[in-house]
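# heads up, no residue letters with this:
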């Protein structure tokens with residue numbers, strides 16, 4: 001190797017080393033300082049306009065908040081506040097999923113995903129649902145939104161989460177954080193319902209296979225639940241219902257459709273996998289109970305293991321909600337796991353019982369192949385008309 005080449009390589013290596021050290025030094029200084037700006041206040045006293053009375057929030061050694069309030073309004077307003085303290089980036093991201101507005105955060109790369117999400121219409125359903133709720137449920141959602149907005153309204157994006165330093169500082173300087181509404185909480189319920197479905201992929205696979213195989217052959221690939229196995233709610237499953245489900249083979253088989261169309265539907269479904277986690281037959285959940293006759297305390301034990309798609313941060317947020325005093329107007333004394341962005345506790349216990357949820361992999365989605373009127377794209381054929 002010539003001396004000239006050696007000097008050039010040495011100079012390049014020196015530049016790379018200096019650049020690496022500079023980036024590392026800036027990260028050492030910038031990341032901790034920026035992250036600290038988003039750390040919430042967890043001790044002392046905060047004056048929060050809108051509360052009916054004093055609220056005490058204790059965080060244990062694991063950082064889990066336990067909220068004590070004198071009214072229903074204050075309890076859920078405080079829950080909205082602490083959710084926003086710890087998880088607002090997650091909440092903001094989730095509400096953009098629920099409304100099909102990811103492009104507002106991340107640009108054109110999410111336009112196709114937004115188009116599919118808006119086709120599903122989760123936000124429209126949430127708006128209709130809010131109007132149908134009881135006055136108490138609306139009051140809880142309203143109080144929760146009030147608490148979220150009390151936290152985010154007085155802070156810059158970088159003070160809410162480290163991710164905003166990257167989003168609004170580098171990737172999308174025009175992004176503006178909007179106030180929280182009850183509709184944002186309800187849209188996440190729709191996203192969770194989607195995440196807990198599981199049969200649309202199988203519906204598409206069956207339809208594609210029925211172009212080549214007979215219904216009997218497809219039944220061998222997708223065997224029904226054995227008739228001699230136990231059923232949790234046997235009175236709701238009748239022979240006539242099973243016959244209806246099996247007869248749908250004929251409907252799909254006689255329909256005219258292109259396999260490429262179904263493959264496009266499957267591709268659209270896959271757009272949500274990075275956002276909500278993949279679904280399928282390998283995802284489920286477990287629940288089991290142990291009688292008090294078999295425990296050292298003489299009390300029963302409940303275990304619940306929901307296999308939701310893994311996320312970071314976790315999909316669960318542990319919290320305690322306590323009315324002080326507990327009364328008919330404010331009846332909550334619960335602890336357990338909530339969703340950031342949604343009031344209440346999903347899985348947990350009160351002072352009398354514990355509860356959990358296990359998803360059975362039910363058939364909750366149906367695949368329809370519509371024949372569109374070539375003379376009017378706003379019409380499709382139904383019962384021959």
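Nice, thanks for sending it over. Every value quoted in this text rests on a predicted model; they were computed, and no experiment measured them.
# please make it C-alpha for all contacts and neighbour counts, starting now.
Will do.
# after the worst-scoring helix or strand of the chain on mean pLDDT, which helix or strand is next? Please name it.
Every helix and strand in the chain was compared by mean pLDDT, DSSP states H and E; the lowest is helix 239-254, with a mean of 46. Toward the C-terminus, helix 239-254 is succeeded by helix 259-270 as the next helix or strand (DSSP states H and E).
# quick one: average confidence on that next one?
For helix 259-270, the mean per-residue pLDDT is 76.
# buried stuff in it?
Neighbour-count burial for helix 259-270 flags 262, 268, 269, 270 (criterion: 16 or more other C-alpha atoms under 10 Å).
# helices or strands up against it?
helix 200-209 (3 or more C-alpha pairs under 8 Å, 6 or more residues apart in numbering; DSSP states H and E).
# pLDDT on the helix it packs on, on average?
For helix 200-209, the per-residue pLDDT averages 82.
# in it, what's buried?
Here helix 200-209 shows 200, 201, 203, 204, 205, 206, 207, 208, 209 as buried, counting by 16+ other C-alpha under 10 Å.
# how about stretch 313-328?
Here stretch 313-328 shows 316, 317, 318, 319, 320, 321, 322, 323, 324 as buried, counting by 16+ other C-alpha under 10 Å.
# please apply the same query to stretch 97-110.
Buried-residue list, stretch 97-110, by 16+ other C-alpha under 10 Å: 97, 98, 99, 100, 101, 102, 103, 104, 105, 110.
# next, the contact list for the closest residue to the last one other than its chain neighbours, please.
Excluding its sequence neighbours, the residue lying closest to residue 110 (C-alpha to C-alpha, 6 or more residues apart in numbering) is residue 103, at 5.0 Å. Under the criterion of C-alpha atoms under 8 Å, 6 or more residues apart in numbering, the neighbours of residue 103 are 109, 110, 111, 114.
# make it 10 Å
96, 97, 109, 110, 111, 112, 113, 114, 115 (C-alpha atoms under 10 Å, 6 or more residues apart in numbering).
# now swap in residue 186 and tell me
95, 98, 122, 123, 125, 126, 127, 129, 130, 141, 341, 342.
# so how far is residue 108 from the nearest residue in space to residue 106 that is not next to it in sequence?
In space, and not counting its chain neighbours, residue 106 is closest to residue 172: 7.3 Å by C-alpha to C-alpha, 6+ apart. Going from residue 172 to residue 108 by C-alpha to C-alpha, to the nearest Å gives 12 Å.
# please apply the same query to residue 179.
On the measure of C-alpha to C-alpha, residue 179 and residue 108 end up 23 Å apart.
# do residue 220 as well
Distance from residue 220 to residue 108, by C-alpha to C-alpha: 43 Å.
# the helices in the stretch 51-200 of the chain, which residues?
In the stretch 51-200 of the chain, helices defined by DSSP state H, counting those that start in this stretch lie at 72-99, 103-106, 111-120, 122-132, 135-152, 157-160, 162-166, 182-195, 200-209, listed in chain order.
# quickly compare the ones you listed and say which is most buried.
helix 72-99 (a mean of 23; mean count of other C-alpha atoms under 10 Å).
# what angle do it and helix 122-132 make?
Angle between the axes of helix 72-99 and helix 122-132 is 150 degrees (criterion: axes from the mean of the first three to the mean of the last three C-alpha atoms, to 10 degrees).
# I'd like the distance from helix 72-99 to the chain centre, please.
With C-alpha atoms, centre = their mean, to the nearest Å as the basis, helix 72-99 stands 13 Å off its chain's centre.
# so for it, mean pLDDT?
94.
# kindly report the same for stretch 276-290.
On average, stretch 276-290 scores 74.
# pLDDT value on residue 196, please?
Residue 196 is given a pLDDT of 76.
# residue 176: what's it in contact with?
Contacts of residue 176 by C-alpha under 10 Å, 6+ apart are 104, 105, 157, 168.
# once you drop chain neighbours, what's closest to the first one?
In space, and not counting its chain neighbours, residue 104 is closest to residue 175: 7.1 Å by C-alpha to C-alpha, 6+ apart.
# who's in contact with the one you found?
Taking C-alpha under 10 Å, 6+ apart as the test, what residue 175 contacts is 104, 105, 106, 157, 164, 167, 168, 169.
# just give me the closest of the residues you listed to residue 89.
Nearest to residue 89 among the contacts of residue 175: residue 164, at 7.7 Å, using C-alpha to C-alpha.
# confirm for me that the closest one is in contact with residue 172.
Yes - counting by C-alpha atoms under 10 Å, residue 172 is a contact partner of residue 164 at 9.4 Å.
# that's a helix at residue 289, yeah?
No - assigned with DSSP: H, G, I helix; E, B strand; the rest coil, residue 289 falls outside any helix and is strand.
# what about it, neighbour count?
By the criterion of other C-alpha atoms under 10 Å, residue 289 has 10 neighbours.
# now residue 380
14.
# near the closest residue to it other than its chain neighbours, how many other residues are there?
Spatial nearest neighbour of residue 380, excluding adjacent residues (C-alpha to C-alpha, 6+ apart): residue 372 at 4.2 Å. When neighbours are defined as other C-alpha under 10 Å, residue 372 has 13 of them.
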